[in-house]
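**Student:** build me a structure from this.
(chains A and B)
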Amino acid sequence: MDVATLRRTPLFERHVALGARMVPFAGWEMPVQYEGVIPEHVAVRRDWGVFDVSHMGQLHVEGPRAAAFLQGVLSNDLDRLEDGGAQYTLLTNERGGIVDDLIAYRINPCRYLLVVNAGNTQAAYGWVKAREQRGVEVTDVSEEYALLAVQGPNAVGRLGLADAPPFTHAMGEVAGVEVMVCRTGYTGERGVELMCMAEDAGSLWDAVVGLGATPCGLGARDTLRLEVCYPLHGNDISEETDAISAGLGWVCALEKDFTGVDTLRRIKEEGPARRLTAFVMVEKAVPRQGMLIEGGGEVTSGTHSPMLDVGIGMGYVPAALAQPGTELVVDVRGKPRRGRVVKKPIYTREEP
Amino acid sequence: MAAPESYPDDLKYHRDHDWARVDGDDAVLGITWFAQDSLGELVHFEAPETGATIGKDSAYGEVESVKAVSDVIAPLSGGILEVNQGVVDAPETVNEDPYGDGWLIRIRMSDPSELDALMDAAAYRAHVAEQ
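**Tutor:** Below you'll find the model as predicted:
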């Protein structure tokens, strides 16, 4: 994509001033790293860091029929959510494929916020909007908001926030900026995501960085999420992959009716032919997306784990090869390299 | 810690961001500050075997960071006398000291006249400035 057509978040100038390396990502010009992927990754695991994730999309779904409507298009059981609750869920198609994975926040019974992937904002909005019914209004409010992910064992304390259970949200204030404090994230660490008005993003970022959070780019975001086996839409899951094979059956309420549920029930009953599997390399090598796995598998995400100091990855393999302990052979640019299937997550947080 | 940008005057440079330090009939090879900075922190050096032959302008190994992998191009032809095991074990050494402890291999040159085709530090600095 032409650089001139890339979109910028309200924090673009701040990233450049901090010396970030800016790259195109999902139609946006985003910081991939500041000081370096590994130190940023370690800061989030051991202390705290801040990510500009304002490129992510926000959809409001409102109206007296909002809950019933979302219950029919999202895979997880929305009835389990209370006001102030949040839930990881999938937008599924008729084939059981994944249009997007997202977090649904219940503001009240007639008002929900969906935070969707940057690259899927249009697809997700279009999908939901096309199915809108009487008593439901879907609005793309992505332009209005900025989103900072503040993550790490020290994040909540350093922000001066009280502890709260994961997957909850509440309005609050950080450094004088009104924010929606969401106890969610994509790193496997404790932390928050702070949503504010776009025009307040600069003050909020400056305050959080001023408090000592390490600015972190998309590079560390990817290594952090892969260590804890959070799938990335476009890599590990897509419209062509189903939730059961992807190991996301736990966010599919198969007893309720939603788009593609029949297909998913059938796959669950028959058992998926292949499974999204986590592995670590036994030999020195870094697996990468698209590399083949002997026996009919393919790597969907791969990197070097900064915490474990070995190559790690996820990929679809025939179900017979998906058991933890199974040896896999990855074709690393023509060289066979041995890895081993492990139980997810690949990395487990260090408890203090 | 990453090293500050530098291109020492006693080295010869290849346009693909590799350097050679001549030592009698031998040459020590590595990647430049520019190359390691572009890649970021190295996490893997896919090293060639001692005793193998390498050819000028051809890949003899790979260096890999968290985000990317890159071929390492031979600035000179020759036979490999030694592979830097320190970099195999700790690839980040290349980021910390690209021209010192971060050297990659030592070769016996098969055609020292190939040196004439390489750039000196001033020419390489100009080349980097155009990147």
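
**Student:** contacts, neighbours, all on C-alpha from now
**Tutor:** Fine.

**Student:** point out where chain B drops to low pLDDT.
**Tutor:** Applying pLDDT under 70 to chain B picks out residues B:1.

**Student:** now it against chain A: closest residue?
**Tutor:** residue B:66 (5.5 Å; Cα to the nearest Cα).

**Student:** what residues does chain B have near chain A?
**Tutor:** Applying Cα under 8 Å from any Cα of the partner chain, one finds that chain B approaches chain A through B:40-41, B:43-44, B:64-67.

**Student:** repeat the analysis, applying 7 Å as the threshold.
**Tutor:** For chain B, the contact set with chain A under Cα under 7 Å from any Cα of the partner chain comprises B:40, B:43-44, B:66.

**Student:** and the spatially closest residue to residue A:219 that is not a sequence neighbour, what does it touch?
**Tutor:** Closest residue to residue A:219 apart from its sequence neighbours, by Cα to Cα, 6 or more residues apart in numbering or on different chains: residue A:32 at 5.0 Å. Residues in contact with residue A:32 (Cα atoms under 7 Å, 6 or more residues apart in numbering or on different chains) are A:21-23, A:217-219.

**Student:** can you classify residue A:32 by secondary structure?
**Tutor:** strand (DSSP: H, G, I helix; E, B strand; the rest coil).

**Student:** cool, and residue B:37?
**Tutor:** When classified by three-state DSSP, residue B:37 comes out as helix.

**Student:** how near is it to residue B:24?
**Tutor:** Distance, residue B:37 to residue B:24, using Cα to Cα, to the nearest Å: 30 Å.

**Student:** these two: which has the busier surroundings?
**Tutor:** residue B:37 (16 against 9; other Cα atoms under 10 Å in any protein chain shown).

**Student:** can you pull out the strands in the stretch 1-150 of chain A?
**Tutor:** With strands called from DSSP state E, counting those that start in this stretch, the stretch 1-150 of chain A shows them at A:21-25, A:28-33, A:49-52, A:57-62, A:86-92, A:98-108, A:111-116, A:137-140, A:145-151.

**Student:** relative to residue A:243, which of those is closest?
**Tutor:** strand A:98-108 (7.0 Å; Cα to Cα).

**Student:** in that closest one, what counts as buried?
**Tutor:** Within strand A:98-108, the residues scored as buried using 16 or more other Cα atoms under 10 Å in any protein chain shown are A:98-107.

**Student:** got CSV for the residues you listed, with pLDDT and distance to residue A:60 too?
**Tutor:** Below are the buried residues of strand A:98-108 laid out as CSV (pLDDT from 0 to 100; distance: Cα to Cα, whole Å):
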residue, pLDDT, distance to residue A:60
A:98, 98, 20
A:99, 98, 17
A:100, 98, 16
A:101, 98, 16
A:102, 98, 13
A:103, 98, 12
A:104, 98, 10
A:105, 98, 10
A:106, 98, 10
A:107, 98, 10
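
**Student:** near chain B, which residues of the stretch 151-300 of chain A are found?
**Tutor:** Those residues of the stretch 151-300 of chain A that sit near chain B, judged by Cα under 7 Å from any Cα, are residue A:285.

**Student:** so how far is residue A:269 from residue A:245?
**Tutor:** Taken as Cα to Cα, the span from residue A:245 to residue A:269 is 12 Å.

**Student:** these two: which is more packed in?
**Tutor:** residue A:245 (22 against 9).

**Student:** tell me how far the residue nearest to residue A:50 when sequence neighbours are not counted lies from chain B.
**Tutor:** Spatial nearest neighbour of residue A:50, chain neighbours left out: residue A:150 (4.5 Å); criterion: Cα to Cα, 6+ apart. Relative to chain B, residue A:150 is positioned 22 Å away (Cα to the nearest Cα, to the nearest Å).

**Student:** doesn't residue A:49 make contact with residue A:150?
**Tutor:** Yes. Using Cα atoms under 7 Å, residue A:150 is in contact with residue A:49, at 5.8 Å.

**Student:** which of the two has more neighbours?
**Tutor:** residue A:150 (32 against 27).

**Student:** dump the C-alpha coordinates for the helix or strand where residue B:123 lies into CSV.
**Tutor:** Assessed by DSSP states H and E, residue B:123 sits inside helix B:121-129. Extracted in CSV, the C-alpha atoms of helix B:121-129 (Å, rounded to 0.1, in the frame of the first residue of the first chain):
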residue,chain,number,x,y,z
ALA,B,121,34.6,3.1,4.4
ALA,B,122,34.0,6.5,2.7
ALA,B,123,32.3,4.9,-0.3
TYR,B,124,30.2,2.6,1.9
ARG,B,125,29.1,5.5,4.1
ALA,B,126,27.9,7.2,0.9
HIS,B,127,26.1,4.0,-0.1
VAL,B,128,24.4,3.8,3.3
ALA,B,129,23.3,7.4,3.0
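
**Student:** give me the number of residues near the residue in the stretch 51-200 of chain A positioned nearest to chain B?
**Tutor:** Per Cα to the nearest Cα, residue A:187 is where the stretch 51-200 of chain A lies closest to chain B, at 16.5 Å. Neighbours of residue A:187 under the rule other Cα under 10 Å: 25.
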